[in-house]
Structure formats: C-alpha cells, structure tokens
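Participant: Build me a model from this:
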Amino acid sequence: MSMSGTNVDHHRRRHHSAPQDAGGSVWLPAAAGLCASLVGLGLARFAYTPLIPALIAAKWFTPSEAVYLGAANLAGYLAGALIARDLGSRIGSVWALRSMMLLAALCCFACAVPISFVWFFGFRFLAGVTGGVIMVLAASTILPHIAPSRRGFVGGVIFAGVGLGVAASGTLVPLLLQQGVTQAWVGLGVLSAVLTLISWKAWPSEAAVAHGSEAHHAAAHGTRSPMVLMLCVEYGLNALALVPHMVFLVDFVARGLGQGIAAGSHYWVLYGLGAVIGPLLTGHLADRAGFAAALRVGFLVEAVAVAMPAVSSSPAVLIVSSIIVGGFTPGIVPLVIGRIHELIPHSAAGQRTVWAQATTTFALFQAAGAYGMSYLFTQSGGDYTLLFVIGAVAVAAALALDLVAGLTATRNRPA
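Facilitator: Numbers count the residues shown, from 1 in each chain. Below is the predicted model:
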C-alpha cells in the first residue's frame, strides 16, 4: 500500500473513531449492534427456552433430549467465541457479523423440520456459534466509533438487543405456538431475516476495524496480568450462575410448578424486559460509580436474585428474580467490557484480546454448567432447587474473587 493510501486510511479511521455527537452517526451502528444481539442471542438462543415445554408436549423430543438440545446451543456459543477473532480477521468483522445473522435465521428455519435429534442438535449448535461470534465482534466493531464518554451507554444499547429478543420470544412464541411448533420456528426465522436486512447497511465502515500484524503485536499488552485473568474467571462464574434461569426457568414454572406453558412464558417476558433495561442501568451506574464498584454491586444483587426461586416459588419472588436475573444476563457485559478498558487503558488490541478471552471463558463455563446441570437435573429426578442454589454459589464466588483481587492489588500498589 502506498504512503498516501496509508494516510487516507489513517484519516478515515480517525474520522470514524472520533467522538461522535451527531445522532445518526452514533445510533446507526448502535442499532446494527442491537439487531445483531437480538438475532444471534435474543432469538437464536433464548427463544428456545419457552419452546422447550412445547417440544416435549408435541412429542418432538423427550424432556432430557430437549434440555440437552438447549445445552448444545451453549456449546456452539463456546465454539463461536473461539473462532470469532480469526473469522473477523479473514473476512472482516462486518461481513462476519452479517453472515452470522443470516446463519441464525437459517437455523430457525431448519429447526422447523424435526428430521432427527442429530439434525436438530446440529442446527442448535450452529445457532450457538452465531451468538458467540456476535458477542465477541459486535461491540469491538462498533465502540471504536463512539466517544469514550458514551461507550458505556451505547454498549448498553447494543446488548439490550438480547433482552428485546427474549421479550419478543416470550410474547411471540406462545402466539406462534397456537399455529403449531413448526410455525413458531418459521416465524422466528422470518423475524431474524427481516432484522438482518434492516441492519445490513447500518454497520460502521470496516476502515475502523483493524489490523493484522499491528493488532497481534499489541494484543499481548496487559492481557496476562492477575487482575485480568481473575476478571475472566469471575465472568465465567457469572455465566454458570445464569444457566438455571436461562435454561430451566420456563420449564420450572410450566412443569415443575404445574402452571403450564403460558405462565412460564409470562415469566420469560419479565426476564426479557429486565434484559432490555439491565444493560442501560448497569452502564449508567458504571458511569457514576466506576466499573469496578458497579461490577461488585452487580454480583451481590445477582447472587440474591438467582437464589430466590430456591427459597420461595411465590409469584412475587419469581417476578423479582426473573426481572433481576434477566437484567444481569446482558447487563453484566458492559460492566466487564468497561472493567477491561480500565485494566488495559492504552491498548485497543489488548482490550479486544481480553474481551475475546473473557467471552470464551464465559462460554466455557456456561456450556459446562449447562451440561452439568442437565445431568444433575436428570440424576436428581428433576430437582430445580439444586440448580438455583448452585447458580447463587457461583456468582457469590465471583464476588469473593473480585474482592480478594482488589485487596491484593491495593496492597501491591507502590506507595
């Protein structure tokens, strides 16, 4: 590339990465990110949860098979997180994101035909892959275009798409199921395809996404510090804590409490509404209190909320628990991204590397937790309480690790 071309690209990167106050220039990329998280996470993953009782009732799968299919999606999420950076470097982050949204829509259509357990397992796995890739690439593709003072809020907008997907699935799935299970999957596929087309041109210029050898050279900066590694473990434990609500909540209400699919879907809508508001609130809290303090408060509140269904199954308790845990499902994401930026303040490549590491750790813990809890659920004869207790202990452990890491760092800081 010529020097003049390099200067032009550098100018374009500065232009697109500069603080942006014009509404359109900020909100178009944010809207694209919201659509991506809505499709790849909100619909491709979370729409399956309210479908579990219907799949069982329609004799598509046994209860244990339906739960393992949910875990297949989480295993795919891990695979997606592992391949995301390489895929983005090969075809460009924007094209990777577009491709994953298309694949998510295709997976919904494929799941409308219950050819076999293996067929369904494969497409649930691929749907998980789309979510993992989108989680790693969406924010890192968009946030460089946003002024630092607004990144927390815009990050919240991006991941609010997860909650919108949950809420949409909780309201649409029962309506679609009135026509049949096949029609429900087709409806989710159509919605995913429409959102993909709407966001197609809204992604930011690829010029701001870099950067081969430069990124690889800088990526190691600060990525192996004890605080960073501890943060990744905490994020993984948080993932484990979310599994009982994400995989079992609707089934717990519908079959465990005997209240039926409609009642389970109502709690799933509350979960989704919490997930819409959660990232916006946690981002706002972090802007005022700092990401480290906000993360600790989040872990504490989340631990209580995850444990609540193990203590009581009253409607009031389940409503509060569903909303709060729903809020932290995507709401923890901007907190962890912001904390990474605090720990590695001067290396964008290092930040991207650690975020990929954190997402992979999250996916690993989540997949292991889903399979482990599915096994425990089967072996215990359907003991939902045990699952919620394990989740609460996991996030309490994350809080304890963060407090210990903070005290250690304070003691080791030069006077």
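
Participant: Quick check: Thr49 touching Ala71?
Facilitator: No: counting by Cβ atoms under 8 Å, Thr49 stays clear of Ala71, with 12.0 Å between them. Where you see a C-beta, it was placed from the backbone N, CA and C, and this is true even at glycine.

Participant: Now do the shared contacts for those two.
Facilitator: Counting by Cβ atoms under 8 Å, 6 or more residues apart in numbering, the contacts common to Thr49 and Ala71 are Val247.

Participant: Extract the residue ranges of the stretch 201-350 of the chain that are flagged as low pLDDT.
Facilitator: Applying pLDDT under 70 to the stretch 201-350 of the chain flags the ranges 206-224.

Participant: could you redo the last one with a cut-off of 50?
Facilitator: Applying pLDDT under 50 to the stretch 201-350 of the chain flags residues 207-219.

Participant: cool, the stretch 1-150 of the chain as well?
Facilitator: For the stretch 1-150 of the chain (pLDDT under 50), the answer is 1-24.

Participant: What ranges does it have for its helices?
Facilitator: For the stretch 1-150 of the chain, the helices defined by DSSP state H, counting those that start in this stretch cover 3-17, 23-37, 52-57, 63-91, 93-110, 117-142.

Participant: Mean neighbour count and distance to Thr360 for the ones you listed - can I get that in CSV?
Facilitator: As requested, the helices of the stretch 1-150 of the chain are exported to CSV (neighbours: other Cβ atoms under 10 Å; distance: least, Cβ to Cβ, whole Å):
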stretch, mean neighbour count, distance to Thr360
helix 3-17, 12, 26
helix 23-37, 22, 18
helix 52-57, 20, 26
helix 63-91, 21, 4
helix 93-110, 22, 16
helix 117-142, 25, 8
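
Participant: As CSV, these with distance to Ala193 would be great.
Facilitator: Output for the helices of the stretch 1-150 of the chain, formatted as CSV (distance: least, Cβ to Cβ, whole Å):
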stretch, distance to Ala193
helix 3-17, 28
helix 23-37, 11
helix 52-57, 22
helix 63-91, 19
helix 93-110, 4
helix 117-142, 13
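
Participant: what's the closest of those to Leu281?
Facilitator: Closest to Leu281 of those is helix 23-37 (Cβ to Cβ; 16.2 Å).

Participant: what's the closest one packed up against?
Facilitator: Packing partners of helix 23-37 (3 or more Cβ pairs under 8 Å, 6 or more residues apart in numbering; DSSP states H and E): helix 93-110, helix 117-142, helix 151-177, helix 181-199.

Participant: and the ones you listed as a markdown table, adding distance to Ser314?
Facilitator: As requested, the helices and strands packed on helix 23-37 are arranged in a markdown table below (distance: least, Cβ to Cβ, whole Å):
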| stretch | distance to Ser314 |
| --- | --- |
| helix 93-110 | 35 |
| helix 117-142 | 33 |
| helix 151-177 | 20 |
| helix 181-199 | 30 |
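
Participant: among those, which is nearest Gly290?
Facilitator: Here helix 151-177 is closest among those (Cβ to Cβ), at 10.8 Å.

Participant: Buried residues, the closest one. List them.
Facilitator: Residues 151-174, 176-177 are the ones in helix 151-177 that count as buried (16 or more other Cβ atoms under 10 Å).

Participant: nearest to Pro315, of the helices of the stretch 1-150 of the chain?
Facilitator: Of the helices of the stretch 1-150 of the chain, nearest to Pro315 by Cβ to Cβ is helix 52-57, at 18.6 Å.

Participant: For that closest one, which helices and strands make contact with it?
Facilitator: The helices and strands touching helix 52-57, judged by 3+ Cβ pairs under 8 Å, 6+ apart, are helix 63-91, helix 181-199, helix 226-251, helix 260-289.

Participant: Could you pick out the longest helix of the protein?
Facilitator: Secondary structure assigned by DSSP state H gives helix 348-379 as the longest helix of the chain.

Participant: What residues of that helix count as buried?
Facilitator: Residues 348-374, 377 are the ones in helix 348-379 that count as buried (16+ other Cβ under 10 Å).

Participant: distance between the helix or strand following it and the chain's centre?
Facilitator: Remark: after helix 348-379, the chain's next helix or strand is helix 384-412, criterion DSSP states H and E. Centroid separation for helix 384-412 versus its chain: 20 Å, with Cα atoms, centre = their mean, to the nearest Å.

Participant: Going by neighbour count, which residues of helix 384-412 are buried?
Facilitator: Neighbour-count burial for helix 384-412 [16+ other Cβ under 10 Å]: 384-399, 401-402, 405.

Participant: ditto for stretch 332-344
Facilitator: Ile332, Val333, Pro334, Leu335, Val336, Ile337, Gly338, Arg339, Ile340, His341, Leu343, Ile344.

Participant: Can you tell me the closest non-neighbouring residue to the fifth one?
Facilitator: Leaving aside its sequence neighbours, Val336 sits nearest to Tyr235 (Cβ to Cβ, 6 or more residues apart in numbering; 5.3 Å).

Participant: Distance from stretch 300-315 to the middle of the chain?
Facilitator: Taking mean C-alpha positions (Cα atoms, centre = their mean), stretch 300-315 and its chain are 21 Å apart.
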